[in-house]
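Student: give me a model of this one.
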Amino acid sequence: MFTKKENITVFISDYSCAYFVDKSDLDTSLFDLIKLPEGVVVNGYVKEPEILYQRLLESFKLHKFKIRNVNILIHDQNLLIRNLSVDKSELNRKSITQYLHEQTDKKIFFPFEKAAISHFVQNETDETVKALALITDEDLLHDYSDIFERLGAKIVTFD
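Tutor: Below is the predicted model of the structure:
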């Protein structure tokens with residue numbers, strides 16, 4: 001049984017929440033799938049946070065563990081992936097993330113109000129930077145973070 005705080009990986013869909021507690025020995029690792037009532041999560045967005053919180057809390061109590069850190073896998077329907085090629089002259093000492101935020105609603109448009117942006121530089125020359133940008137709704141991330149922080153998570157990350 002788990003008695004200490006654990007690191008977990010979570011995937012939430014509109015109909016279920018799956019989590020995995022990875023241990024060095026696969027036999028002692030834990031996987032659970034929690035069925036969610038219709039309407040708790042809709043298109044990846046938490047509509048009934050209290051119900052999701054209670055279902056997770058019940059499962060954690062059943063398996064006798066608490067969470068320390070959580071890594072949430074973002075559903076592909078809530079993730080935009082863009083290949084970018086940006087002239088270094090346009091960056092002017094800004095990061096790709098800063099540049100993208102400045103270009104929001106000018107050159108770049110998102111289907112949500114506030115974007116959370118992460119990027120990976122793929123190639124860089126003297127003139128351009130080519131990067132892969134991962135973009136999701138910041139409010140969606142906050143909603144998930146709030147639930148897991150209430151459950152005791154010290155760190156909530158997203159993939």
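Student: so Tyr99 sits in a strand?
Tutor: No. Applying DSSP: H, G, I helix; E, B strand; the rest coil, one finds Tyr99 to be helix, outside a strand.
Student: tally up the residues packed near it, please.
Tutor: For Tyr99, the count of nearby residues is 21 (other Cβ atoms under 10 Å). Any C-beta I mention is one placed from the backbone N, CA and C, and that applies to glycine too.
Student: next: Lys47.
Tutor: If you count neighbours by other Cβ under 10 Å, Lys47 ends up with 13.
Student: could you report the separation of it from Gln77?
Tutor: 15 Å (Cβ to Cβ, to the nearest Å).
Student: what's the answer for His63, then?
Tutor: The separation that His63 has from Gln77, given Cβ to Cβ, amounts to 29 Å.
Student: the nearest residue to Glu149 once chain neighbours are set aside in helix, strand or coil?
Tutor: Distances taken as Cβ to Cβ, 6 or more residues apart in numbering put Val156 closest to Glu149, at 6.6 Å, once the chain neighbours are dropped. Classification of Val156 using three-state DSSP returns strand.
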